[in-house]
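K.L.:
Sequence below, structure please.
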Amino acid sequence: MGPHRSPFPLLLLLPRGDPDPPAPLLPLQQDPVLATAPEPPEDPRELAPGLTWSGSLRLRGEVRRDFSLGTDSATNNDDFLLSQIRLGLKWRASDEVSFFLEGQDADIHGEDGTDGDAVPNAFADELDFHQGYVDLGGGPARLRVGRQKLLFGVQRIIGPLEWTNTARVWDGARLSIGAQEERAVDLFATRLVAVDPSSLNDGEPTGNRHADSDFHGVYATDRTLLPRTTLDLYGLLRHEDDFDDEVYTAGARADASFGALSLDAGIAVQLGTFGGLDHRAAAVHVGGNVAVSGETRLGLQYNFGSGDADGDDGDHGTFDNLYPTNHLFYGQMDLFSLQNLHNAEASLSGEPAPDLAVKLAWDAFWLAQEDEDAWYNAALGVVRSATGDADPYVGSELDLTVSRPLLGGRMVLELGYGHFFAGAFVDDTGRSEDADFLYLQARVGL
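P.N.:
Next comes the predicted model:
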């Protein structure tokens, strides 16, 4: 397929921060506790009193080798360039009322097998309406209504997926009560906006269960109960009639810092229906990092997402990963999600030179239910299905990420390399080759 072409490349207070102006550039490679990539500063330009504009440009080249583990597919080997440009306009009408509008053009160039025309699409979105909302309130209660981003906790369950070229937004309303630096509760009722690369993103059904779902929830954060500790509690509902999905998720997470040591942990349980089947699933995370010398930190973490033990018993046990930014957690090659998974990671990160952030991570992966369930990638798609007699060990991944700010911090340059070592499960289920991933990315605030 030829390259896609285009003309050119809730509330005033959001959980975990929503800078003014909105639409911040998020770190690209982030530990749940330690961010390793610096963030370009925001520099809104004032057009008139109360009226400012902001923007960003991002370019990323990717090289993928044996990404389908050596199978004869168009996506097994692919090279392409991703471009993304955003322009935003904010009008603060008063202390209680403001408006924000943002356009985005995302494009993919030079691809061979990657589908730049699929709907929904993570690569291309031709000159579209990305965000647009009104913020109301300036006291303890604030309301955001319109097309917006959701980011809660460390993005393990809900995030804007900024790693992808088109990112993720929802249509809906969000009410925030309280102060984020102390105690706050957010309530939201939304629907995900599926990206159509050649037409306006208008919310039309796509045949994708997650893209077509209503998504509602309550998320509470407290930073006052325990010293140096953040506690989160949440309840979520993903609902989609055509797929007969009604998944309820209840969860909790905490992170704490004790001098050189930082710890975080979380648990989520799910009930309801998935594809008309009774749904019972769970996920667990525990991890932390410690300063071993100066800015150098050693990190360890373990992640578990339940799988389905019996595909014929009328129950569904695979954890529904919902709307995460999986790129941050289970290897930067995006080969895994928090579904039917045991994952262990060791990482070393630091700054060997001023303004130079480096992270080296090793991940190992096993399937929780290797005989009945499947291997799922970061997009929640099946990589390979179980055969009934496969080994649970899928493989391991080694990742290296290097980032550096340039132009006085207005630009961030990031280089990443990943290698996947195929394990026994891959050998037992078909063709088996190791995979490689290389990328170079530049982001600049306009």
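
K.L.:
Tell me the helices and strands packed up against the least confident helix or strand in the chain by mean pLDDT.
P.N.:
Lowest by mean pLDDT, DSSP states H and E among the helices and strands of the chain is strand 45-48, with a mean of 88. On a contact count with 3 or more C-beta pairs under 8 Å, 6 or more residues apart in numbering; DSSP states H and E, strand 45-48 meets strand 51-65. Backbone N, C-alpha and C define where each C-beta goes, glycine included.

K.L.:
Show me which residues of the strand it packs on are buried.
P.N.:
52, 54, 55, 56, 57, 58, 59, 60, 62, 64, 65 (16 or more other C-beta atoms under 10 Å).

K.L.:
Nearest to residue 280 among these?
P.N.:
Among those, residue 64 lies closest to residue 280 (C-beta to C-beta), at 36.0 Å.

K.L.:
Contacts only, for the residue nearest to the spatial centre of the chain.
P.N.:
Nearest to the mean C-alpha position of the chain, by C-alpha atoms, centre = their mean, lies residue 325 at 1.3 Å. Taking C-beta atoms under 8 Å, 6 or more residues apart in numbering as the criterion, residue 325 is in contact with 155, 159, 160, 161, 162, 163.

K.L.:
just checking, residue 426 is part of a helix?
P.N.:
Yes. Counting by DSSP: H, G, I helix; E, B strand; the rest coil, residue 426 falls inside a helix.

K.L.:
Make sure it is actually in contact with residue 71.
P.N.:
No. Counting by C-beta atoms under 8 Å, residue 71 is not a contact partner of residue 426; they are 10.6 Å apart.

K.L.:
Looking at those two, which one has more neighbours?
P.N.:
With neighbours defined as other C-beta atoms under 10 Å, residue 426 and residue 71 compare such that residue 426 has more, 25 against 14.

K.L.:
Let me see the confidence value for the residue lying closest to the more buried one once chain neighbours are set aside.
P.N.:
In this structure, residue 426 finds its nearest non-sequential neighbour in residue 432, 4.4 Å apart by C-beta to C-beta, 6 or more residues apart in numbering. What the model reports for residue 432 is a pLDDT of 91.

K.L.:
which element is residue 432 on?
P.N.:
Under DSSP states H and E, no helix or strand contains residue 432.

K.L.:
quick one: strands adjacent to the helix or strand harbouring residue 101?
P.N.:
Assigning secondary structure by DSSP H and E places residue 101 in strand 97-109. Strand 97-109 has its sheet partners listed here by DSSP bridges as strand 78-92 (antiparallel), strand 125-136 (antiparallel).

K.L.:
mind listing what's buried in the first one?
P.N.:
The reference is to strand 78-92. Buried residues in strand 78-92 (16+ other C-beta under 10 Å): 78, 80-90, 92.

K.L.:
Which residues does stretch 222-238 contact?
P.N.:
With C-beta under 8 Å, 6+ apart as the test, stretch 222-238 has contacts from 152-153, 157-158, 181-183, 210, 213-221, 245-258, 266, 320, 322.

K.L.:
Mind doing that once more with 7 Å?
P.N.:
With C-beta atoms under 7 Å, 6 or more residues apart in numbering as the test, stretch 222-238 has contacts from 152-153, 181-183, 213, 215-221, 245, 247-258, 320, 322.

K.L.:
Pull up the distance across that stretch, start to finish.
P.N.:
One end of stretch 222-238 to the other measures 24 Å (C-alpha to C-alpha, to the nearest Å).

K.L.:
what is the mean pLDDT for that stretch?
P.N.:
In this model, stretch 222-238 has a mean pLDDT of 96.

K.L.:
do stretch 76-83 as well
P.N.:
Summarised as a single mean, pLDDT over stretch 76-83 is 94.
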